[in-house]
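1. Please find the sequence and the predicted model below.
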Amino acid sequence: MTRKSDKNAHLLVEGKNDQHVIWALCKLHQVPETFDVLVPEDGGLEAVLADIPIRLKEAGLQALGVVIDADEDIRIRWQSLRTRLQQAGYSLPSRLSPNGFAASPSNRPRIGVWIMPDNRLPGILENFVTQLIPANDPLRSVAEDTLQSIEQRGLHRYQIPHRPKALIHTWLAWQEAPGMPMGQAITARALQYDAATANRFVNWLQTLFIGEEQ
């Protein structure tokens, strides 16, 4: 089921964690609230893909952005989105730019795509957030060593594709306020809201929804 909204610009994301991370970045970067951040009713990639053509038919829609995880193969994710948007009448390049995709075709809503973590590498939201850990933070290497140790001993209970989640949440568990959610950690500035990757993401948002870079 598609969630209703009173805004004429939307950013579709896979889950609540994406939503809160993006809200936190927008707050600290003072991004104007011209759009909402929506999680489709069921969440996840397929729900986002199914929601795209529905949103594009909304009367008065000005812009639609999509943020999804690359998972193990960013090329497959890009092609999935590219095909869906081509079916809706948009023209997209064969390869996604490191700065994301944003276009303003005439007489159609603006459209944008960002694939986590950075439009280049495989991964998920947690890989993106890990890039916001302050440079040279000593606890990051300790967290990485800890995960490697329990994996070598066969003690880990997470699946290896979920390792980025284990890493960032291990690091967050060792902060002044242990176990903060990722979005809250950005707001509290335990994570760097102005790290290079975060700045590129916010610039993409500004280009798509405001029409200018920060």
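-> Sure thing, it's come through.

2. can you pull out the strands in the protein?
-> For the chain, the strands defined by DSSP state E cover 9-13, 36-38, 63-69, 101-103, 110-116.

3. Who are the contact partners of Thr83?
-> Residues near Thr83 by C-beta atoms under 8 Å, 6 or more residues apart in numbering: none. C-beta coordinates here come from the backbone N, C-alpha and C atoms, glycine included.

4. ok, now how distant is it from His10?
-> Distance, Thr83 to His10, using C-beta to C-beta, to the nearest Å: 20 Å.

5. got the buried residues for stretch 97-111?
-> 100-103, 109-111 (16 or more other C-beta atoms under 10 Å).

6. swap in stretch 42-56?
-> 45, 47-49, 51-52, 55-56.

7. Present those as JSON lines; the columns should include pLDDT and distance to Ala185.
-> Listed next are those as JSON lines, based on pLDDT from 0 to 100; distance: C-beta to C-beta, whole Å:
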{"residue": "Leu45", "pLDDT": "93", "distance to Ala185": "25"}
{"residue": "Ala47", "pLDDT": "95", "distance to Ala185": "26"}
{"residue": "Val48", "pLDDT": "95", "distance to Ala185": "24"}
{"residue": "Leu49", "pLDDT": "94", "distance to Ala185": "29"}
{"residue": "Asp51", "pLDDT": "94", "distance to Ala185": "28"}
{"residue": "Ile52", "pLDDT": "94", "distance to Ala185": "30"}
{"residue": "Arg55", "pLDDT": "95", "distance to Ala185": "30"}
{"residue": "Leu56", "pLDDT": "94", "distance to Ala185": "34"}
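
8. In helices, which of the residues you listed fall?
-> Members of these lying in helices (criterion: DSSP state H): 45, 47-49, 51-52, 55-56.

9. Now compare these and name the two farthest from each other.
-> Greatest spacing in these, by C-beta to C-beta: Leu45 and Leu56 (17.6 Å).

10. Quick check: mean pLDDT of stretch 65-75?
-> Here stretch 65-75 scores 96 as its mean pLDDT.

11. ok, now which residue in the protein is the farthest from the centroid?
-> Most distant from the centre of the chain: Arg153, at 32.6 Å, with distances by C-alpha atoms, centre = their mean.

12. give the contact list for that one.
-> With C-beta under 8 Å, 6+ apart, Arg153 has no contacts at all.

13. Now do it against Phe35, distance only.
-> Arg153 is 46 Å from Phe35, by C-beta to C-beta.

14. Also Asp18?
-> Distance, Asp18 to Phe35, by C-beta to C-beta: 14 Å.

15. do Leu132 as well
-> 22 Å.

16. again with Gly123
-> Distance, Gly123 to Phe35, by C-beta to C-beta: 25 Å.

17. now do Thr197
-> 21 Å.

18. neighbour-wise, which of these two wins?
-> Higher neighbour count among Thr197 and Phe35: Phe35, with 22 against 18, using other C-beta atoms under 10 Å.
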